[in-house]
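1. Generate a structure from the sequence data that follows.
(one chain, ligands or ions: 1)
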Amino acid sequence: MVIIHAAAELADFLKKERLTRGLVGFVPTMGALHEGHASLMQQARRDTQVVVLSIFVNPKQFNENADFVNYPVTREADLELARNEGVDVVFLPDVSDVYEDSFQTESANYGDLTAVFEGGKRPGHFDGVVSVVRRLFKIVRPDLAFFGEKDLQQLAVIRQLSKIEFPRIQVIGCPLIRDEDGLAMSSRNVRISASDRGHALKLHSSLLDVLRCSKTQGDLHGAIDRNRDLLNEDEHIELEYFAAVNGKEFSILKGREVPEETFVIVAAVVGGVRLIDNCRLGCS
Ligand code: AMP
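-> Next comes the predicted model:
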C-alpha cells in the first residue's frame, strides 16, 4: 500500500496505474475508520482495479468548531484497516493540497436538496462537502466513487454534483452498516457515553417501528408522528428532524402512497453528539 501526501504526486501515480491496471475506485473519508468505511473499500475492491482511499478531515464542512476540534483521529489504526482491506493508495493531503492558497468554498445550490434537513440544520455544510469532493474528484479522477447511504442526503448531493460536473464518474451508494445493537456506525460514536447509548438506540428503534407500522398497518404518517413525539419526550434526545422523504430529492412524502425511493430520516443530538440515521421503507 502506497501513502501519498501531495496532490500532484497522486495524480502522476494514478496516471500510470490507470494505464497498466484499469479502473480507479475512490473512497473519500475523514478517517477514524470503522466497518462502515471498510464496507465501502470492499465494494471498491470488488468493482475496480485500483482502490484509492483519502483521509482528510475537511475543516470546511463542520458548521461547529467544537465538532471539528473533537473529531477523532486514529491514523495508525486507519492505515492498518486500509491495508487489511487491500487498499492500493492512501491519499493523506494537507489542507493546502486540497484547497491550495484560497481556502475558499463555493456555494452548493441544488435547490431544496441542499436547503432542507442537513442543509437547513447545518448551514454551510454542503458547501464544504461539495467543495472538497469537487477538488478530490479533480485530483483523483476516479472511474467509480463510493459513498455510504448512512449520509443519505450527502449521497444525493454528490450524485447531483457528479451529474452536472463529472458525468464520467459513476457514484456508487453503499448500504448503511450498523453495530450489533443497531446503532448506525459513525466515527463520532466513540464520544457517546454508555448511558447515552441507550437513548441513541431509540433513533433506530423508532425507524424500525415506522417500517413495521407502514408495512403491517399502512399507517406511515401516524407512525411518523407517534415516534417523533416519543423521541421528543426523551429529555436526553434533542431531536432535529424525523420525517419520511423521497431519498433522491428530499421532498417530504405526502399522501398515502409509499414509493420505492421512500426513506425515513432522523437527526438528533444525544449527549452532545450529533447523530443521523435512516431506513428505506419496504426493505427490512
Ligand atoms: P466520513 O468519514 O464520516 O466522512 O464518511 C466517509 C464515507 O463513509 C461516507 O461516504 C459515509 O457515508 C460512509 N460511511 C460512514 N459511516 C457509514 C456507515 N455506518 N455505513 C456505511 N457507510 C458509512
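
2. For the rest of this, base every contact and every neighbour count on C-alpha atoms.
-> Noted.

3. Check which residues of stretch 39-58 are buried.
-> By neighbour count on 16 or more other Cα atoms under 10 Å, the buried set for stretch 39-58 is 39-41, 43-45, 48-58.

4. From the ligand, how far off is the closest residue to L220 other than its chain neighbours?
-> Distances taken as Cα to Cα, 6 or more residues apart in numbering put S214 closest to L220, at 4.5 Å, once the chain neighbours are dropped. Using Cα to the nearest ligand atom, to the nearest Å, S214 is found at 24 Å from the ligand.

5. check contacts around S214.
-> Listed by Cα atoms under 8 Å, 6 or more residues apart in numbering, the contact partners of S214 are L220, A223, L281.

6. Same check on I139?
-> Residues near I139 by Cα under 8 Å, 6+ apart: A7, A8, L10, A11.

7. Leaving aside the residues adjacent along the chain, what's closest to the first one?
-> Among residues not flanking A7 along the chain, D97 sits closest, at 5.8 Å (Cα to Cα, 6+ apart).

8. The second one now?
-> With sequence-adjacent residues excluded and distances taken as Cα to Cα, 6+ apart, A8 is closest to I139, at 7.7 Å.

9. List the buried residues for the helix or strand harbouring that neighbour?
-> I139 is part of helix 125-140 when elements are defined by DSSP states H and E. For helix 125-140, a neighbour-count test (16+ other Cα under 10 Å) marks 125-137, 139-140 as buried.

10. and the angle for the helix or strand following that helix with helix 125-140?
-> Sequence-wise, the next helix or strand downstream of helix 125-140 (DSSP H and E) is strand 144-148. Orientation check (axes from the mean of the first three to the mean of the last three Cα atoms, to 10 degrees): strand 144-148 against helix 125-140 gives 150 degrees.

11. Would you mind writing the CA trace of strand 144-148 as CSV?
-> What follows is strand 144-148, C-alpha atoms only, in CSV (Å, rounded to 0.1, in the frame of the first residue of the first chain):
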residue,chain,number,x,y,z
LEU,A,144,-16.2,5.0,-9.7
ALA,A,145,-16.6,6.8,-6.3
PHE,A,146,-18.1,5.1,-3.3
PHE,A,147,-20.3,6.8,-0.7
GLY,A,148,-22.4,5.4,2.2
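
12. residues touching V157, list them.
-> Listed by Cα under 8 Å, 6+ apart, the contact set of V157 reads Y110, L113, T114, F126, V130.
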